[in-house]
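In: When you get a sec, could you give me coordinates for this:
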Amino acid sequence: MNPWIRILRPVNALMGFFSIYIIGFIAVNVMFYKFLVPLTLGAISVFLVTGAGNIINDISDLNTDKINHPDRPLPSGKITRQSALTASIIIFIIAIIISSFISYRISLIVFIAEMLLVSYEFKTKKLGLTGNFTISLLIGMIFLFGGVITDSLLKMTLLFLLAFFSNFSREIMKDIEDIKGDQDRMTFPKKYGIGNAKILSTVFVGITVSISAVPYLIKILSVYYLYAVIIDDFIFIYSVVIMRKSVSEGQKVSKIAMIFGMFSFLLGGIN
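Out: From the prediction side, this is the model:
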């Protein structure tokens, strides 16, 4: 495989690309076609930001990858660190330019997302909850991004909160799972203990479940969402129950819950 394709991880970036169309449908349903051009520009911007973020991730992990993944483009020497850094900056700039054709607000969101990605890779991922907050914010921001594109910001803000809190819970589970290998990161479970981390993860699931019906109750999403999210709530609850015995299994179930949550949003967009 071409080293540049490998470092960009296009499959990962394509998931972000298509998620914008899904969010556009959730936001405006049958009016989706009216926003096809800005959604496409937004999807391209997300693809580029995700790809550049993957490059930044490999730059940040270069020293550990020399030991753990020596065949990757940077540690193998197929791509130099300076070339990778230059490419990521250029791609970030192209993403801002493309998004500016939608609106200045969209390009501002893209710029903020880029800064969050860079700050996470080089600073906040070593700072425990600050890193968890940054990643959860980035996951949720894609809903705000789609909301601004489709003039549905209020609707998407609620979905942003659901995505943010649910992902925060899973991030803490992942930190518990990786506690032995996190030598240079002061994560929450490492600083305050696994027991307290499990409690905090459960609290975030509780927040997610407690507000999950709000989009239906205030008529933002249809009754189909309610049916699906009830099932999703049980999956989330099961994730923290099983986490007591196996954190690894808990975070896997939590991932399933998040994917099903996206499906719930999609169903809720059908009127």
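
In: helix/strand/coil for the residue sitting furthest away from the middle of the chain?
Out: Within the chain, Gly77 marks the point farthest from the mean C-alpha position, 29.5 Å out by Cα atoms, centre = their mean. Recorded secondary structure, Gly77: coil (DSSP: H, G, I helix; E, B strand; the rest coil).

In: Could you do Glu249 as well?
Out: Secondary structure state of Glu249, per three-state DSSP, is helix.

In: and the gap between it and Tyr33?
Out: Distance, Glu249 to Tyr33, by Cβ to Cβ, to the nearest Å: 42 Å. From N, CA and C alone the C-beta is placed, and that goes for glycine too.

In: do Leu200 as well
Out: Remark: distance between Leu200 and Tyr33 (Cβ to Cβ) = 43 Å.

In: May I ask which helix or strand encompasses Ile98?
Out: helix 81-100 (DSSP states H and E).

In: neighbouring contacts of the following helix or strand past that helix?
Out: Once helix 81-100 ends, the next helix or strand along the chain (criterion: DSSP H and E) is helix 104-122. Residues outside helix 104-122 that contact it (Cβ atoms under 8 Å, 6 or more residues apart in numbering) are 38, 42, 45, 49, 52-53, 56-57, 59-60, 92, 95-97, 99-100, 131, 134-135, 137-138, 141, 144-145, 148-149.

In: Moving C-terminal from helix 104-122, which element do we reach first?
Out: Downstream of helix 104-122 (by DSSP H and E), the next one is helix 129-149.

In: re the thing from before, looking at Leu200 and Tyr33, which one has more neighbours?
Out: Taking neighbours as other Cβ atoms under 10 Å, Leu200 and Tyr33 compare with Leu200 leading, 18 against 10.

In: Need the contact partners of the lowest-mean-pLDDT helix or strand in the chain.
Out: Lowest on mean pLDDT, DSSP states H and E among the helices and strands of the chain sits helix 62-68, with a mean of 76. Contacting residues not belonging to helix 62-68 are listed as Asp58, Arg72, Leu74, Pro75, Arg81 [Cβ under 8 Å, 6+ apart].

In: List the buried residues for it?
Out: Asp65 (16 or more other Cβ atoms under 10 Å).

In: That helix: how far from the chain's middle?
Out: 24 Å (Cα atoms, centre = their mean, to the nearest Å).

In: Likewise for stretch 14-22?
Out: Centroid separation for stretch 14-22 versus its chain: 12 Å, with Cα atoms, centre = their mean.

In: And the average pLDDT for it is what?
Out: In this model, stretch 14-22 has an average pLDDT of 89.

In: cool, and stretch 123-136?
Out: pLDDT averaged over stretch 123-136 gives 88.

In: Next, the distance between the ends of that stretch.
Out: 16 Å (Cα to Cα, to the nearest Å).

In: cool, stretch 121-140 as well?
Out: 18 Å.

In: those helices in the stretch 151-271 of the chain, which residues are they?
Out: 153-177, 188-192, 194-211, 214-217, 223-243, 247-268 (DSSP state H, counting those that start in this stretch).

In: Just say which of the ones you listed is most tucked in.
Out: helix 153-177 (a mean of 22; mean count of other Cβ atoms under 10 Å).

In: could you give the angle of it to helix 223-243?
Out: 20 degrees (axes from the mean of the first three to the mean of the last three Cα atoms, to 10 degrees).

In: From Glu171, how far off is the residue nearest to Arg185 when sequence neighbours are not counted?
Out: Closest residue to Arg185 apart from its sequence neighbours, by Cβ to Cβ, 6 or more residues apart in numbering: Lys126 at 4.8 Å. The spacing between Lys126 and Glu171, counted by Cβ to Cβ, is 14 Å.

In: before we move on, what about Gln251?
Out: Counting by Cβ to Cβ - Gln251 and Glu171 are separated by 9 Å.

In: same deal with Ile90?
Out: Taken as Cβ to Cβ, the span from Ile90 to Glu171 is 30 Å.

In: Now do Ile96: how many residues are near it, please.
Out: Neighbours of Ile96 (other Cβ under 10 Å): 18.

In: check contacts around it.
Out: Contacts of Ile96 (Cβ under 8 Å, 6+ apart): Ser45, Ser107, Val110, Phe111, Glu114.

In: now with 10 Å?
Out: By Cβ atoms under 10 Å, 6 or more residues apart in numbering, the residues touching Ile96 are Ser45, Leu48, Val49, Ile106, Ser107, Leu108, Val110, Phe111, Glu114.

In: Many thanks, have a good one.
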